[in-house]
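[1] structure of the sequence below:
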Amino acid sequence: MRVRAVLFDLGGTLVDERDYDGWCEIARRFYLDLEPDLLRHAFLEVEAEVDAGTPRWDEDGLADFWRRTLSRAAGREVDVVATRKFLSAVLENHRPFRLYSDTRRCLDTLRSERRALGVVSNSTSEASVRRILDEVGILDYFGRVVSSGTEGIAKPDPEIFRRAVERMAVRPEEAVFVGNLARTDAKAAEAAGLHGVWLNREGFGYGEDPIEITSLLEVPLAVRRIEREADARRTPRAGGAR
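    This next block holds a predicted model:
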């Protein structure tokens, strides 16, 4: 069995969209005095909680995510109105995304192995994802880009992964999806028949369900492991099948 395609999440996986210092500056406009380190811890905690529950990454889900994050970082309850004003200001003050230091080496290795590359992202539109990929200089690596905003369907719904592999002309079992959320990304991809890999940059890489890694540099190794294990399952044991 050969993995013919590797697909990636965007924010938190290929590019770093987190700007804790900038977010704290914006929060001060709305009388929220936050410390970047506290905001970082709150962000990661709420992200993990949402992912472990029933993830909603639509507009209302995003507003609730940030209300909980800001409240936890501030040590007091922040209402929905203030949260939406904060979110509007964040969008108006967009700062360039940063490419993770391990991204390009990972993509170069996979491309040298002649694996097709794609992106599946919960985002405003396919055009916005392409613009970000172009800004950080990696758009040319990807043959397909699938966005929830364009598709009208979002992760963790397995359908968005099915659409992606169909457009890449590969079977689900020939594809691997890599994302920074265990359930929304890796487990949801597995529900669609793909192989899921969880990129947990804050972790230790010991997880097996789904496969957990801590750097994109481990993706080629994870892909080869998936191929070996698939071949081992298909190879009859000595003395005949049991």
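[2] give me the contact list for the host helix or strand of Arg68.
    Using DSSP states H and E, Arg68 sits in helix 59-74. Residues from elsewhere that reach helix 59-74 (CB atoms under 8 Å, 6 or more residues apart in numbering): 27, 32-35, 38-39, 41-43, 45-47, 50, 55-56, 77-80, 82-84, 86-87. The way it works is simple: take the backbone N, C-alpha and C, and place the C-beta from them, glycine included.
[3] map the structural domains onto the sequence of this structure.
    Using automatic domain parsing, the domain ranges for the chain come out as 5-14+97-234, 18-92.
[4] now the buried members of the contacts of helix 59-74.
    Those of these that meet the buried threshold are 27, 32, 34, 39, 42-43, 46-47, 50, 55, 78, 82-83, 86-87, by 16 or more other CB atoms under 10 Å.
[5] which of the residues you listed sits closest to Glu212?
    Among the buried ones among the contacts of helix 59-74, Glu47 lies closest to Glu212 (CB to CB), at 15.7 Å.
[6] tell me if I am right that that closest one is in a helix.
    Yes: applying DSSP: H, G, I helix; E, B strand; the rest coil, one finds Glu47 inside a helix.
[7] how many neighbours does Glu212 have?
    Neighbour count for Glu212, taken as other CB atoms under 10 Å: 19.
[8] correct me, but it touches Gly196?
    No: Glu212 is beyond contact range of Gly196, at 10.2 Å (criterion: CB atoms under 8 Å).
[9] what sits against the closest residue in space to His195 that isn't next to it in sequence?
    Counting by CB to CB, 6 or more residues apart in numbering, His195 lies nearest to Val176, which is 4.5 Å off, once chain neighbours are set aside. Residues in contact with Val176 (CB under 8 Å, 6+ apart) are 3, 5-7, 194-197, 219, 222-223, 226.
[10] where does Val176 land in three-state SS?
    Per three-state DSSP, Val176 ends up strand.
[11] can we start the residue count at 14 from this point?
    Renumbered: residue one is now 14, and that last one reads Val189.
[12] so it bridges to which residues?
    When assigned by DSSP bridges, Val189 has beta-bridge partners Val19, His208.
[13] do you know how far Leu45 is from Tyr219?
    For Leu45, the distance to Tyr219 equals 36 Å [CB to CB, to the nearest Å].
[14] what of Asp50?
    Taking CB to CB, one finds Asp50 at 26 Å from Tyr219.
[15] the two: which is more packed in?
    Comparing Asp50 with Tyr219 by other CB under 10 Å, the one with more neighbours is Asp50, at 11 against 8.
[16] identify the residues contacting that one.
    Taking CB under 8 Å, 6+ apart, one finds Tyr33 in contact with Asp50.
[17] pretty sure it sits in a strand.
    No: the assignment for Asp50, made by three-state DSSP, is helix rather than a strand.
[18] count the residues that sit near Cys202.
    No, residue 202 isn't Cys; it's Ala. For Ala202, using other CB under 10 Å, the count is 32.
[19] that one reaches Glu172, doesn't it?
    No: in this structure Ala202 lies outside contact range of Glu172 using CB under 8 Å: 11.6 Å.
[20] where does this protein dip in pLDDT?
    The chain contains residues with pLDDT under 70 at 248-255.
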